[in-house]
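1. quick one, fold the following:
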Amino acid sequence: MKRYAIPLLRVPGLLAALGCALLLAGCSSKPPVPDWQMNAQAAASKATEAYLSGKARVEQLEWERAHAEVARTGRVDLVARLELMRCAAQVASLEVGPCERFEGLRPDAAAPERAYADYLAGRVSPQQLPLLPEAQRKVAASGDAATLAAIEDPLSRLVAAGVLFQTGRASPAVMAAATDTASAQGWRRPLLAWLLLQAQRAEAAGDAEAAAALRRRVGIVEQGAAPVK
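-> Modelled structure (predicted):
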């Protein structure tokens, strides 16, 4: 059975790099997948979607369910993967910084998970690059918008853009790609974050017209829903 490193969020997204299913240590058609794995995957997927959509209460409940299911195994390494998923979603929404929930579990995490945590924190080393999922590895190495745009999974693309921002390599093209990605998915939280970032950059550059247009988009996103918490 092959073990996969944890990229992040949304089951078809970064989690696609996991190979089969979120948090699964292996991908075999037999024996049957235990209930805890299916339950954890479903809860983590719902939690991630809720977070990106700005539904704080649903997010909290689903993360608690996912954590409870994984905790049934007594596997610290799997809990560490789960925490990386949560942190990756935050990076996609420009909530950057160390993955504190993971750090307490780092001693029991495998090398690919430790590399991914360092990647999310913007401090991955050249020696760790081969341990990253392919899509993230290419963007980390190149830092260009074209490589970012080539990432098929929208959440993976947003995470990579968030890391580029954290490392000071988010060009206007990267920011535009991230904004378009969040907009296409209807993900309020990252969309607001990227729109506000672009508006601030436009204001700093003295482009009042572009800043005003971006602020209008922010207003549209904020209409009809409670503020993201």
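2. make it CA atoms for all contacts and neighbour counts henceforth
-> Noted.
3. tally of neighbours for residue 173?
-> Residues lying near residue 173 (other CA atoms under 10 Å) number 14.
4. cool, and residue 35?
-> Neighbours of residue 35 using other CA under 10 Å come to 10.
5. same question, residue 188
-> By other CA under 10 Å, neighbour count at residue 188 equals 23.
6. okay, it and residue 103: tell me how far apart.
-> According to CA to CA, to the nearest Å, residue 188 and residue 103 sit 28 Å apart.
7. what's the answer for residue 221, then?
-> Distance from residue 221 to residue 103, counting by CA to CA: 34 Å.
8. these two: which is more packed in?
-> Comparing residue 221 with residue 103 by other CA under 10 Å, the one with more neighbours is residue 221, at 19 against 16.
9. check contacts around the more buried one.
-> Shown in contact with residue 221 (CA atoms under 8 Å, 6 or more residues apart in numbering): 188, 192.
10. secondary structure class for it?
-> Assigned by DSSP: H, G, I helix; E, B strand; the rest coil, the conformation of residue 221 is helix.
11. state the pLDDT value of it.
-> Note on residue 221: pLDDT of 94.
12. give me the contact list for the lowest-mean-pLDDT helix or strand in the chain.
-> Among the helices and strands of the chain, helix 134-142 carries the lowest confidence by mean pLDDT, DSSP states H and E, at a mean of 89. Residues outside helix 134-142 that contact it (CA under 8 Å, 6+ apart): 17, 129-130, 147-148, 151, 156, 160, 164.
13. closest to residue 97 out of these?
-> residue 164 (12.5 Å; CA to CA).
14. quick one: residue 167 and residue 122 touch, right?
-> Yes - contact criterion CA atoms under 8 Å: residue 167 and residue 122 qualify, at 5.6 Å.
15. which of the two has more neighbours?
-> Using other CA under 10 Å, the more surrounded residue of residue 167 and residue 122 is residue 122, with 20 against 16.
16. show me the contacts for the more buried one.
-> Counting by CA under 8 Å, 6+ apart, residue 122 touches 97, 163-164, 166-167.
17. biggest separation within the residues you listed, which pair?
-> Within those, 97 and 164 form the most distant pair, 12.5 Å apart (CA to CA).
18. those two: which is more packed in?
-> Using other CA under 10 Å, the more surrounded residue of residue 97 and residue 164 is residue 164, with 23 against 15.
19. ok, the more buried one touching residue 170?
-> Yes - in this structure, residue 164 is within contact of residue 170 by CA under 8 Å, at 5.1 Å.
20. wait, what's in contact with residue 96?
-> The contact partners of residue 96, by CA under 8 Å, 6+ apart, come to 90, 120-121, 162-163, 166.
21. one more time with 10 Å
-> The contact partners of residue 96, taken as CA atoms under 10 Å, 6 or more residues apart in numbering, are 87-90, 120-122, 162-163, 165-166.
22. which of these fall within helices?
-> Among these, the ones falling in helices (DSSP state H) are 87-90, 120, 162-163, 165-166.
23. Produce a PyMOL select command limited to the buried residues of those residues.
-> Buried residues within those, by 16 or more other CA atoms under 10 Å, are selected in PyMOL with:
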select buried, resi 87+88+89+90+120+162+163+165+166
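24. adding distance to residue 199, write the ones in helices among the contacts of residue 96 out as a markdown table.
-> Formatted as a markdown table, the ones in helices among the contacts of residue 96 follow (distance: CA to CA, whole Å):
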| residue | distance to residue 199 |
| --- | --- |
| 87 | 25 |
| 88 | 24 |
| 89 | 22 |
| 90 | 20 |
| 120 | 24 |
| 162 | 17 |
| 163 | 19 |
| 165 | 15 |
| 166 | 18 |
